[in-house]
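Colleague: only geometry, no sequence info:
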């Protein structure tokens, strides 16, 4: 399947109220597009991050009752899964598409990453604040950022690491959001380039060790 972009109908999937109906629409309508999009974006990530980035389309296997509010394709350094490593994510939900970088709750070495982040914050925070539209998300599933990075000081950005290590399920999520109305007007190649541009902005965090 060739990726041809998202339509208003794709976003309406997340208005389907019942679990079986929404999951069926996600699997039949959204997932094929995510697989196709992964084939387009995946090969272009290697020169950005310096290593292979394997795609993983969400299957929502743990859900049995509550329908998911979003679904996604993630790109990470591990072929068998993405949750235990740093990863990029392209997530679609009711009103937006988000291009994200995540250190998730299951990341295997949060403390080590947090140390590297604090060591490099002076350089990285300044870079991130100059990238228009980048935001910090309190939760990976939030449609709206908790704050735009350009509105935060370098010190405030550094302190966001506390969200990662304060609790066992802590996470750190940065990214850029595009509204549904903007996405449905975009051609497929423009959407792919928008995703890659965001991942390029966030690549120093992906490579951080």
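Modeller: That came in fine, so what should we check first? Treat the numbers as computed from the prediction; the structure is a model and nothing was measured.

Colleague: for the residue nearest to residue 127 when sequence neighbours are not counted, what are its contacts?
Modeller: Computed as Cβ to Cβ, 6 or more residues apart in numbering, the closest residue to residue 127 that is not its neighbour in sequence is residue 204, at 6.8 Å. For glycine as for every other residue, the C-beta is placed from the backbone atoms N, C-alpha and C. Residues in contact with residue 204, defined by Cβ atoms under 8 Å, 6 or more residues apart in numbering, are 120, 124, 127.

Colleague: can you pull the buried residues of stretch 194-209?
Modeller: Residues 194, 195, 196, 198, 199, 201, 202, 203, 205, 206, 208 are the ones in stretch 194-209 that count as buried (16 or more other Cβ atoms under 10 Å).

Colleague: For the worst-scoring helix or strand of the chain on mean pLDDT, which outside residues touch it?
Modeller: Lowest on mean pLDDT, DSSP states H and E among the helices and strands of the chain sits helix 162-165, with a mean of 83. With contacts defined as Cβ under 8 Å, 6+ apart, helix 162-165 is touched by 103, 110, 111, 113, 114, 138, 170, 171, 172.

Colleague: for the buried residues of stretch 194-209, which one is nearest residue 81?
Modeller: For the buried residues of stretch 194-209, the closest approach to residue 81 (Cβ to Cβ) belongs to residue 206, at 16.3 Å.

Colleague: In contact with the closest one, which residues?
Modeller: Per Cβ under 8 Å, 6+ apart, neighbours of residue 206: 49, 86, 87, 88, 101, 199.

Colleague: all strands for the chain, in order.
Modeller: For the chain, the strands defined by DSSP state E cover 54-57, 70-76, 87-93, 96-103, 134-137, 147-148, 172-179.

Colleague: partners of the shortest one, with directions?
Modeller: It refers to strand 147-148. Strand 147-148 pairs in its sheet with strand 134-137 (antiparallel), by DSSP bridges.

Colleague: What's the mean pLDDT across the partner strand?
Modeller: On average, the pLDDT along strand 134-137 is 97.

Colleague: Stretch 145-152 too?
Modeller: On average, stretch 145-152 scores 96.

Colleague: mind checking the end-to-end distance for it?
Modeller: Using Cα to Cα, to the nearest Å, the end-to-end distance of stretch 145-152 comes out at 13 Å.

Colleague: And that stretch, what's buried?
Modeller: 145, 149, 152.

Colleague: beta partners of the closest residue to residue 145 other than its chain neighbours?
Modeller: Spatially, and ignoring its direct neighbours in sequence, residue 145 is nearest to residue 135 (2.7 Å; Cβ to Cβ, 6+ apart). In this entry, residue 135 is beta-bridged to residue 148, residue 175, by DSSP bridges.

Colleague: thinking residue 135 is in contact with residue 143, fair?
Modeller: No: taking Cβ atoms under 8 Å as the definition, residue 135 is not a contact partner of residue 143, at 11.0 Å.

Colleague: Show me which of those two is the more surrounded one.
Modeller: Set side by side, residue 135 and residue 143 show more neighbours around residue 135, with 21 against 17, by other Cβ atoms under 10 Å.

Colleague: show me what contacts the more buried one?
Modeller: 145, 146, 147, 148, 149, 174, 175, 176, 177.

Colleague: got a list of what the first one touches?
Modeller: So the one you mean is residue 145. So residue 145 contacts 135, 136, 137, 175, 177 (Cβ under 8 Å, 6+ apart).
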